[in-house]
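In: need coordinates for the below:
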Amino acid sequence: MIIKSIAMLDLLRSAKSFNSYILVLLSAFLLCLSMPGYSISPVAFIALTPLFYAIKSDYSKLYLKIYIFSIIFYCISLRWLLTTISYYGGAPVYISVIILLLFSSYLSIYWLIFIYFFKKIDNPLVLAVIFVSLEIIRGSFLSGFPWLNLAQSQYNNIYILKISSLIGEYGLSFIIILTNLLLFKYFYNKQLKYLFISVLIVIISIFIGFILIKINPIINSNLKVTVVQPSYEQKLKWDIYSQNRIINYVKSLLDKAYREHSNLVVLPEAVFPTFFNANEGLEAYIKSLSYNKPLVFGNIRVEERKGKYKYFNSVYYVNKGEISIYDKIHLVPFGEFFPLKDIFKPIKYYFFGDSDAFTKGKEYKIFNIDNKNFASLICYEGAFTNLVQKFIEKNPTFLIINTNDSWFGDSIGRIQHLAIAKIRAAETSKYIIRAAQSGVSACIDPNGKIESFMSINEEGYFNCEIKKARYNSVFNYFQYTWLLLIIIIIAIKYTKDYIDYKQ
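Out: You can find the predicted model right below:
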């Protein structure tokens, strides 16, 4: 009888453990579905609840479960790395698979740290603060990777998205993780108040977003822009035999775009496969166009300094023959510079070949057209709230993001990158023009709504009219002061409780 009872207990434990793994897998797939690409945004508010329930109901092999969850989530969501590294980078497929697994393993560390606190702390508010703090650290540590934050799941939910103009992108993540934690408390403790609070948070968030849009109307600025999307094959870009053909192709699109009734023409990042400042014929052509109307485009350039060549990923603003330049400040690790060269030396060739890294820019450059300031960021820079806010301090009317998303192939990476631009627009309440080499190019209003766009691999151009919000974003003034206040309040409370306990 005793032996049978022990066997029965082992069977129950096995069934419980099996069920917990099912819940872990469910959370991983639900979180994937909520993110840009699949874009079922409401799912984000419940996606992590099964994971939390699985952990709390069965602590066995806790960190293995979290590792499985995060590896599945990141490998599915970041599978575009395989295309970037192998198809465009020329690395063997096994190298790209290893890199994807290693990078996903690194990102899983943040989930493992959060779950460590989840196991020890029973307060949803404190846990939400810890989660968001870890997102912020991930977005800045080792150059930062502010990609696939929980907030980005809401890029198509216009009313929830608008909350970011008060509390920023990480504020949206805070709301989503807090809702998941409260729902978990409801299912685990069977207390109706947690369900009520979680539903109330979502309803209030939508209502506040609706009110923010209504009380801050968007008005025209009388500035029209033509966005050019060349859409040529990335693999041909630096093929010496294709160079002139691509330059002439882009020039033919520009000639057509200049027939449009607009005030400014915008092209993508690194649009010409040449060093612009070393190509006198191309420079003369661009200057001649600029006497008709100014244009903004991205291109790499080279400078010789003390016998050494330095390379820059730059934005050129050309107006009436005068050239102004912004050099990219936040370079992409493994794409524009190679971190920890000694450690990663065996795979350096697959990223850079025999070339060297780009040089980092230093100035947060602002351009001007018709007495309106604007900033032009390059690609990945749009993902960094703190960097964007450096430009916002100079009070631009609108923002431009010049990018080359061809490295993503036709994958969901393009949609993930577009989602970040939508969040920046809503967060800053600034109109954003996004020019991508082969899509997705878009004009995004200050509420984060796409007004016009050109899809993946489409070629041509389209027009949009710059609009501005009547009032500036609250977030632009206070940023994450609200989070700091919550942390201070929590610290004071825990200090007081500790003192009381000691007494």
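
In: the helices in the stretch 251-400 of the chain, which residues?
Out: With helices called from DSSP state H, counting those that start in this stretch, the stretch 251-400 of the chain shows them at 280-290, 345-352, 385-392.

In: okay, the first one in PDB with CA atoms only?
Out: As requested, C-alpha coordinates have been extracted for helix 280-290 and formatted as PDB (Å, rounded to 0.1, in the frame of the first residue of the first chain):
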ATOM      1  CA  GLU A 280      32.100  64.500 -57.700                       C
ATOM      2  CA  GLY A 281      29.600  63.700 -60.500                       C
ATOM      3  CA  LEU A 282      26.900  62.500 -58.100                       C
ATOM      4  CA  GLU A 283      27.500  65.400 -55.700                       C
ATOM      5  CA  ALA A 284      27.100  67.900 -58.600                       C
ATOM      6  CA  TYR A 285      23.900  66.200 -59.600                       C
ATOM      7  CA  ILE A 286      22.400  66.300 -56.100                       C
ATOM      8  CA  LYS A 287      23.400  70.000 -55.600                       C
ATOM      9  CA  SER A 288      21.700  70.900 -58.900                       C
ATOM     10  CA  LEU A 289      18.500  69.200 -57.800                       C
ATOM     11  CA  SER A 290      18.600  71.000 -54.400                       C
END
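
In: how about residue 72: what's its closest non-neighbour residue?
Out: In space, residue 72 comes closest to residue 28 once its chain neighbours are excluded; the distance is 4.1 Å by CB to CB, 6 or more residues apart in numbering. C-betas here are computed from N, CA, C, even on glycine.

In: can you check the pLDDT for the one you found?
Out: Listed pLDDT for residue 28 reads 97.

In: now do the one 10 residues further on
Out: You'll see residue 38 listed with a pLDDT of 92.

In: now do residue 350
Out: On the pLDDT scale, residue 350 gets 46.

In: sorry, back to before: following element in sequence after the helix or strand where the residue nearest to residue 72 lies, please.
Out: Following DSSP states H and E, one finds residue 28 within helix 2-34. Later in the chain than helix 2-34, the nearest helix or strand by DSSP H and E is helix 49-57.

In: hey, C-alpha coordinates of that following helix in PDB?
Out: The C-alpha trace of helix 49-57 is given here as PDB (Å, rounded to 0.1, in the frame of the first residue of the first chain):
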ATOM      1  CA  THR A  49      -0.200  34.600 -17.100                       C
ATOM      2  CA  PRO A  50       0.200  30.900 -17.900                       C
ATOM      3  CA  LEU A  51       4.000  31.200 -17.400                       C
ATOM      4  CA  PHE A  52       3.600  32.700 -13.900                       C
ATOM      5  CA  TYR A  53       1.000  30.100 -13.000                       C
ATOM      6  CA  ALA A  54       3.200  27.300 -14.200                       C
ATOM      7  CA  ILE A  55       6.100  28.600 -12.100                       C
ATOM      8  CA  LYS A  56       4.200  29.200  -8.900                       C
ATOM      9  CA  SER A  57       2.400  25.900  -9.000                       C
END
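
In: now that helix: buried residues?
Out: 49-56 (16 or more other CB atoms under 10 Å).

In: can you put the residues you listed in JSON lines and add distance to residue 203 and pLDDT?
Out: Below are these laid out as JSON lines (distance: CB to CB, whole Å; pLDDT from 0 to 100):
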{"residue": "49", "distance to residue 203": "18", "pLDDT": "97"}
{"residue": "50", "distance to residue 203": "23", "pLDDT": "96"}
{"residue": "51", "distance to residue 203": "24", "pLDDT": "96"}
{"residue": "52", "distance to residue 203": "22", "pLDDT": "96"}
{"residue": "53", "distance to residue 203": "23", "pLDDT": "95"}
{"residue": "54", "distance to residue 203": "28", "pLDDT": "94"}
{"residue": "55", "distance to residue 203": "28", "pLDDT": "93"}
{"residue": "56", "distance to residue 203": "26", "pLDDT": "92"}
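
In: re the thing from before, in this structure the residue nearest to residue 72 contacts residue 77, no?
Out: No: in this structure, residue 28 is not within contact of residue 77 by CB atoms under 8 Å, at 9.8 Å.

In: which sections of this protein are below the confidence cut-off?
Out: Across the chain, the ranges flagged by pLDDT under 70 are 1-18, 338-356, 503.

In: what about the strands in this structure?
Out: 218-229, 264-266, 295-305, 308-319, 322-327, 367-369, 372-378, 398-403, 431-436, 441-444, 450-454, 460-469 (DSSP state E).

In: so who does the nearest residue to residue 139 once chain neighbours are set aside touch?
Out: Once flanking residues are discounted, residue 139 sits nearest to residue 146: 3.4 Å by CB to CB, 6+ apart. By CB atoms under 8 Å, 6 or more residues apart in numbering, the contact list for residue 146 reads 135, 138-140, 169, 383-385, 420.

In: follow-up on the earlier one: list just the nearest of the buried residues of helix 49-57 to residue 480.
Out: For residue 480, the nearest member of the buried residues of helix 49-57 is residue 52. The distance, counting by CB to CB, is 24.9 Å.

In: test my guess that that closest one contacts residue 179.
Out: No: using CB under 8 Å, residue 52 is not in contact with residue 179, being 11.7 Å away.

In: what's near enough to touch residue 404?
Out: 234, 268-270, 298, 379, 436-437.

In: repeat for residue 34
Out: Residue 34 touches 40-44, 47, 153, counting by CB under 8 Å, 6+ apart.

In: including distance to residue 262 and neighbour count, could those go into JSON lines?
Out: Supplementary listing: the contacts of residue 34 in JSON lines, determined by distance: CB to CB, whole Å; neighbours: other CB atoms under 10 Å:
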{"residue": "40", "distance to residue 262": "37", "neighbour count": "14"}
{"residue": "41", "distance to residue 262": "33", "neighbour count": "20"}
{"residue": "42", "distance to residue 262": "38", "neighbour count": "13"}
{"residue": "43", "distance to residue 262": "40", "neighbour count": "17"}
{"residue": "44", "distance to residue 262": "38", "neighbour count": "27"}
{"residue": "47", "distance to residue 262": "42", "neighbour count": "25"}
{"residue": "153", "distance to residue 262": "34", "neighbour count": "28"}
